[in-house]
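**Student:** model this:
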Amino acid sequence: MHKLCAVIPVFNHELALPAVVAQLRTAGLPCVLVDDGSSAACALVIDAQATQPDCYRLRLPANQGKGGAVMAGLREAARLGFSHALQVDADGQHDLQALPEFLQRSRQSPSALICGYPQYDASVPKGRLYARYLTHIWVWINCLSLSIRDSMCGFRIYPLATTVLLIDAVNIGRRMDFDTEILVRLSWRNQPMQWLPIRVQYPADGVSHFRLLHDNVLISLMHAKLFFGMLVRAPWILWRRWR
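**Tutor:** Purely as a prediction, here's the structure:
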């Protein structure tokens with residue numbers, strides 16, 4: 001079975017959200033809108049979008065962070081009977097013209113996690129661009145592999161059975177550390193992954209919730225936690241690869 005929806009974590013992106021939902025609905029995708037403690041103005045926009053056919057609203061009682069909102073949305077998508085979920089940001093930064101290729105690849109390989117790796121334009125903040133390379137190095141170390149091309153891009157199609165099993169079993173970072181940690185942990189579980197390019201611009205509505213100091217500290221702590229987790233798993237990872 002391949003029944004796909006989009007999961008969109010929303011925190012005060014009321015200006016960009018309607019266009020994102022419209023493009024996804026034009027592509028035939030049901031949408032799960034996760035209101036992550038948004039303002040009253042944004043909540044009204046989410047409510048209006050949720051009146052459309054095959055648009056579902058999940059309202060969290062308080063802000064959980066990007067990762068917390070995505071995980072809540074993935075669980076809700078599974079509860080609604082979907083087998084796969086596209087994670088996509090609400091700010092319009094992802095070029096949804098790439099969507100048909102992602103959908104086709106997921107249908108062809110339903111057990112695989114289909115991941116986007118970003119193709120940036122000039123709008124990308126240079127500090128965040130350079131910081132990604134440090135994360136790439138840590139991810140390769142923590143996976144004992146170069147197979148993960150980019151762990152920070154939040155445009156990917158998850159097979160829900162294996163993904164929900166993981167997030168229900170492990171305490172995964174709930175903020176900007178989520179995107180990287182879940183890929184490393186899925187890699188440890190031998191999850192098949194495939195990679196496609198996605199054009200990215202920053203962001204369409206001018207709202208970014210990345211907190212430079214706080215989120216970089218969280219990401220650094222996450223890398224340290226994963227490193228020690230890798231040391232424990234290294235014999236099994238290497239044996240599995242050798243076999």
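**Student:** show me the contacts for the closest residue to residue 183 other than its chain neighbours.
**Tutor:** Of all residues not flanking residue 183 in the chain, residue 151 sits nearest, at 4.7 Å (CB to CB, 6 or more residues apart in numbering). For the C-beta atoms, the positions are set from N, CA and C on the backbone; glycine is no exception. Residue 151 makes contacts with 135, 136, 139, 179, 180, 183, 184, as judged by CB atoms under 8 Å, 6 or more residues apart in numbering.
**Student:** 6 Å instead, please
**Tutor:** Shown in contact with residue 151 (CB atoms under 6 Å, 6 or more residues apart in numbering): 139, 180, 183.
**Student:** In CSV, list those along with secondary structure and pLDDT.
**Tutor:** Shown next, in CSV, are those (DSSP: H, G, I helix; E, B strand; the rest coil; pLDDT from 0 to 100):
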residue, secondary structure, pLDDT
139, helix, 93
180, helix, 94
183, helix, 96
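**Student:** Which member of these is positioned nearest residue 25?
**Tutor:** residue 183 (27.7 Å; CB to CB).
**Student:** what number of residues lie near that closest one?
**Tutor:** 24 (other CB atoms under 10 Å).
**Student:** any idea how far it is from residue 1?
**Tutor:** The spacing between residue 183 and residue 1, counted by CB to CB, to the nearest Å, is 24 Å.
**Student:** Over to residue 86?
**Tutor:** Applying CB to CB to residue 86 and residue 1 gives a distance of 16 Å.
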